[in-house]
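K.L.:
here's my sequence, what's the structure:
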Amino acid sequence: MGVVAPNGIGIDPFWDSLVQGRSAVRRITHFDASSYSCQIAAEVPDFDPLDYMSSKSARRMDRFAQFAVACTRMALDDAKLQISEKDSDRVGVVMGSALGGFPEAEVQYSIFLEKGLKRVDPLLATKPFVGGSTSQVSIEFGIKGECNTIGGGCGIGTDSIGYGFYAIKNNLAEIMISGGSEAPIAPLTLGAFSNIGALSNRNGNPQQASRPFDKERDGFVMAEGGGVLILEDLQHALERGAPIYAEVLSYASTNDAYKIAQPSPTGEQARKAIEFALRNANLEPSDIDYINAHGSSTPLNDQVETKVIKEVFGEYAYRIPISSNKSMIGHPIGGAGTIELIASVLTIKNQFIPPTINYEFPDPECDLDYVPNIGRRALINTVLKNSFSFGGKNSMVIIRKLSDI
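P.N.:
So this is what the prediction gives:
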């Protein structure tokens, strides 16, 4: 696994911040946001692409693609995996991003308006497209097999794991590099989300702004970052002596077919996605030990997610620990699902559940065990990861500790 997150670059710093319950939300430094109603975000500090690639490569990539390449390099090192020419077509890549290089296009369009076409960076033709992360990872590491990009909303990092899972299951590849990344913190992008009332305006207390399931939540906090997981056929991994964190049991997705920026208040299709994931994994609801929630800190999403969990799990819902990493890292949109899946894997590895921080005021509509404010040790073998997206997409992945097979 490899991660570039607002609260840490690399697995160990990332996990340590989650365990400690440290918020990465600050006032925006990427640009002057003083005139905006939302002036806060979770930026990735101290990221130097030259730690992971050449200056020539870095110059040709948007920041979101740089995150993807950096995460992939870390993940390959973690997996003790070297890709040779003879097996490069049995290794695939699937990356997700919602906005791609849209912020870079913002910058270059401003230059175009102020200084004319000749001053526009010629790399604008290739840097912003959403497939840039997938293509750059393939080029950087010589990967020639199954290759795809998932564009969509906030759950595409989870969808990329599902795609990788099915690619291996259907013998399209032995190894899939699956992930998602996003670098959306820019004037027009932030302003657009702010205009629809999606973002928290708690500018005076940035570190307390992302507060999933809390009664005083007022919107999500935009973030940047990315994550990559190396998925591998089990026999192939065992034969090469790979270090194995966990097994992917199932993936399922549905769509509300309701509204572009609002979940269906019934939660019916979200419920079915969880039920499909359980059925595909041959599990009962009581087999789930922990839920890594989407937990975006928006009023309706958190309420619907809670409702859906209750409907699927019944009385057992009150005994399942649930937490939202977004309380600490904000919402990295296309990077969220894979970053949170990495956190889920580490929860299994360390038998410790990171908290949902900033939980101060109970909401009667959100009355489950959200592991408030302080993490806890627990016996965790099987984890459900929930993700929900603009456009009504519901995406679920279930993972399990390998020793329980």
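
K.L.:
can you tell me how far the closest residue to Ile40 other than its chain neighbours is from Ser57?
P.N.:
For Ile40, the nearest residue in space outside its immediate sequence neighbours is Pro206; the separation is 4.3 Å by CB to CB, 6 or more residues apart in numbering. C-betas here are computed from N, CA, C, even on glycine. Applying CB to CB, to the nearest Å, the value for Pro206 to Ser57 is 33 Å.

K.L.:
returning to that earlier point: check contacts around the residue nearest to Ile40.
P.N.:
Pro206 makes contact with 23, 25-27, 40, 221, according to CB atoms under 8 Å, 6 or more residues apart in numbering.

K.L.:
what's the neighbour count on Phe102?
P.N.:
One way to gauge burial is a neighbour count; for Phe102, by other CB atoms under 10 Å, it gives 20.

K.L.:
residues contacting it?
P.N.:
Going by CB under 8 Å, 6+ apart, Phe102 touches 128, 184, 186, 189.

K.L.:
try 6 Å this time
P.N.:
Thr189 (CB atoms under 6 Å, 6 or more residues apart in numbering).

K.L.:
swap in Val93?
P.N.:
Neighbours of Val93 in contact, by CB under 6 Å, 6+ apart: 134, 137-138, 143, 147, 177.

K.L.:
switch the cut-off to 8 Å
P.N.:
134, 137-138, 143, 145-148, 176-178.

K.L.:
cool, Tyr370 as well?
P.N.:
212-213, 293, 295, 322-324, 356, 359.

K.L.:
for Gly335, see how far away the residue nearest to Glu360 when sequence neighbours are not counted is.
P.N.:
Counting by CB to CB, 6+ apart, Glu360 lies nearest to Asp214, which is 5.9 Å off, once chain neighbours are set aside. Asp214 sits at a distance of 23 Å from Gly335 (criterion: CB to CB).

K.L.:
nearest to Phe14 among the contacts of Pro206?
P.N.:
For the contacts of Pro206, the residue nearest Phe14 by CB to CB is Ser23; the value is 13.6 Å.

K.L.:
what about that closest one, how many residues nearby?
P.N.:
The burial metric for Ser23, expressed as a neighbour count using other CB under 10 Å, is 22.

K.L.:
who are the contact partners of it?
P.N.:
For Ser23, the contact set (CB under 8 Å, 6+ apart) comprises 7, 206-208, 210, 327-328, 357-358.

K.L.:
that one: helix or strand, and which one exactly?
P.N.:
When elements are assigned from DSSP states H and E, Ser23 belongs to no helix and no strand.

K.L.:
now do the same end-to-end measure for stretch 254-269.
P.N.:
Counting by CA to CA, to the nearest Å, you get 6 Å between the two ends of stretch 254-269.

K.L.:
shaky segments in the stretch 101-250 of the chain?
P.N.:
Of all residues in the stretch 101-250 of the chain, none has pLDDT under 70.

K.L.:
which parts of it are strands?
P.N.:
Listed from the start of the chain, the stretch 101-250 of the chain has strands (DSSP state E, counting those that start in this stretch) covering 147-151, 175-182, 225-232, 247-255.

K.L.:
report the angle between the third one and strand 175-182.
P.N.:
So the one you mean is strand 225-232. Interaxial angle of strand 225-232 relative to strand 175-182 (axes from the mean of the first three to the mean of the last three CA atoms, to 10 degrees): 170 degrees.

K.L.:
report the angle between strand 225-232 and strand 247-255.
P.N.:
Using the same axes, to 10 degrees, strand 225-232 lies at 120 degrees relative to strand 247-255.

K.L.:
before we move on, back to that, so the residue nearest to Ile40 versus Ile111, what's the distance?
P.N.:
Counting by CB to CB, the gap between Pro206 and Ile111 amounts to 30 Å.

K.L.:
likewise for Arg90?
P.N.:
Here Arg90 is placed at a distance of 43 Å from Ile111 (CB to CB).

K.L.:
how about Gly2?
P.N.:
Taking CB to CB as the measure, Gly2 falls 33 Å from Ile111.

K.L.:
look at the two and report which has more neighbours.
P.N.:
Counting neighbours by other CB under 10 Å for Gly2 and for Ile111 shows that Gly2 has the greater number, 30 against 16.

K.L.:
the residue nearest to the more buried one when sequence neighbours are not counted: what's it in contact with?
P.N.:
With CB to CB, 6+ apart as the criterion, Gly2 has its nearest non-adjacent residue at 2.9 Å, and that residue is Met74. The contact partners of Met74, by CB under 8 Å, 6+ apart, come to 1-3, 10-11, 52, 228.

K.L.:
most surrounded residue in those?
P.N.:
Val228 (34 neighbours).

K.L.:
you'd agree that residue is up against Ala75?
P.N.:
Yes. At 4.4 Å, Val228 counts as touching Ala75 under the criterion of CB atoms under 8 Å.

K.L.:
okay, which residue is most central for the protein?
P.N.:
Residue closest to the mean C-alpha point of the chain, counted by CA atoms, centre = their mean, is Ala336 at 1.8 Å.

K.L.:
residues in contact with the nearest residue to Gly153 once chain neighbours are set aside?
P.N.:
Of all residues not flanking Gly153 in the chain, Ser389 sits nearest, at 2.9 Å (CB to CB, 6+ apart). Residues touching Ser389, when contacts are defined by CB under 8 Å, 6+ apart, comprise 152-156, 395.

K.L.:
rerun at 7 Å
P.N.:
152-156 (CB atoms under 7 Å, 6 or more residues apart in numbering).

K.L.:
which one among those gets closest to Lys80?
P.N.:
Checking these against Lys80 with CB to CB, the nearest one is Ile156 at 27.7 Å.

K.L.:
what's the neighbour count on that closest one?
P.N.:
Using other CB under 10 Å, the number of residues around Ile156 comes to 32.

K.L.:
how near is Val345 to Ala68?
P.N.:
Taking CB to CB as the criterion, Val345 is separated from Ala68 by 18 Å.

K.L.:
comparing these two, which shows the higher neighbour count?
P.N.:
Per other CB under 10 Å, whichever of Val345 and Ala68 has more neighbours is Ala68, with 35 against 21.

K.L.:
got the contact list for the more buried one?
P.N.:
Remark: with contacts taken as CB under 7 Å, 6+ apart, Ala68 is in contact with 95, 133, 136-137, 179, 181, 226, 228.

K.L.:
and if we set it to 8 Å?
P.N.:
The neighbourhood of Ala68, defined by CB under 8 Å, 6+ apart, consists of 95, 133-134, 136-137, 179, 181, 226, 228.
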